[in-house]
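For reference, the sequence and a predicted model appear below.
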Amino acid sequence: MPFIDVKTNVAVSDDKKENIKSALGQAISLLPGKSENWLMVGINDNYDLWFKGDKSPAAMVEVKTYGVNAQGSENLTVEICNLLNNELGIATGRIYVSYFGTPNWGWDGRNF
């Protein structure tokens, strides 16, 4: 049950959003036991975001999962940073990726 939330101060076209969503769908498998089958993706572009005091292209990405561990997260960070660099021109040094795991995740009126 992963959710990847991308916030960026860059304008993102619908085609780019689709490309990013599809690439994240493949990349999520770098986390053991995770797949696109349960992945939810949010892309919030034109977001008011400053990094190091300026509004040059930047992104904040949150990866939230049910039962996450650190295994695979470093590889996923590499994929996310490279993806946003290639698709949106954001320097990898201006991208933060954070990970949040939870023992409780609700869906369809119940918790897992």
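Yep, it's here. Residues are numbered from 1 along each chain as shown.

Only C-alpha atoms from now on, for both contacts and neighbour counts.
OK.

nearest spatial neighbour of residue 77, skipping sequence neighbours?
residue 97 (6.4 Å; C-alpha to C-alpha, 6 or more residues apart in numbering).

Then residue 46?
Of all residues not flanking residue 46 in the chain, residue 9 sits nearest, at 4.4 Å (C-alpha to C-alpha, 6+ apart).

if I pick the one you found, what's in contact with it?
Counting by C-alpha atoms under 8 Å, 6 or more residues apart in numbering, residue 9 makes contact with 45, 46, 47, 48, 49, 55, 56, 57, 58, 59.

Now with 7 Å, please.
With contact set as C-alpha atoms under 7 Å, 6 or more residues apart in numbering, residue 9 has these partners: 45, 46, 47, 48, 49, 57, 58, 59.

Average pLDDT for stretch 72-83, rounded please.
For stretch 72-83, the mean pLDDT works out to 95.

Restricting to C-alpha, output it in PDB.
Output of stretch 72-83 as PDB, limited to C-alpha atoms (Å, rounded to 0.1, in the frame of the first residue of the first chain):
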ATOM      1  CA  GLY A  72      15.600  -0.900  -1.000                       C
ATOM      2  CA  SER A  73      15.000   2.700  -0.100                       C
ATOM      3  CA  GLU A  74      18.400   3.900  -1.200                       C
ATOM      4  CA  ASN A  75      17.900   2.400  -4.600                       C
ATOM      5  CA  LEU A  76      14.400   3.900  -4.800                       C
ATOM      6  CA  THR A  77      15.900   7.300  -3.900                       C
ATOM      7  CA  VAL A  78      18.300   7.100  -6.800                       C
ATOM      8  CA  GLU A  79      15.500   6.200  -9.200                       C
ATOM      9  CA  ILE A  80      13.300   9.000  -8.000                       C
ATOM     10  CA  CYS A  81      16.000  11.600  -8.200                       C
ATOM     11  CA  ASN A  82      17.100  10.500 -11.600                       C
ATOM     12  CA  LEU A  83      13.500  10.400 -12.800                       C
END
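
Before I go, just wanted to say thanks for your time.
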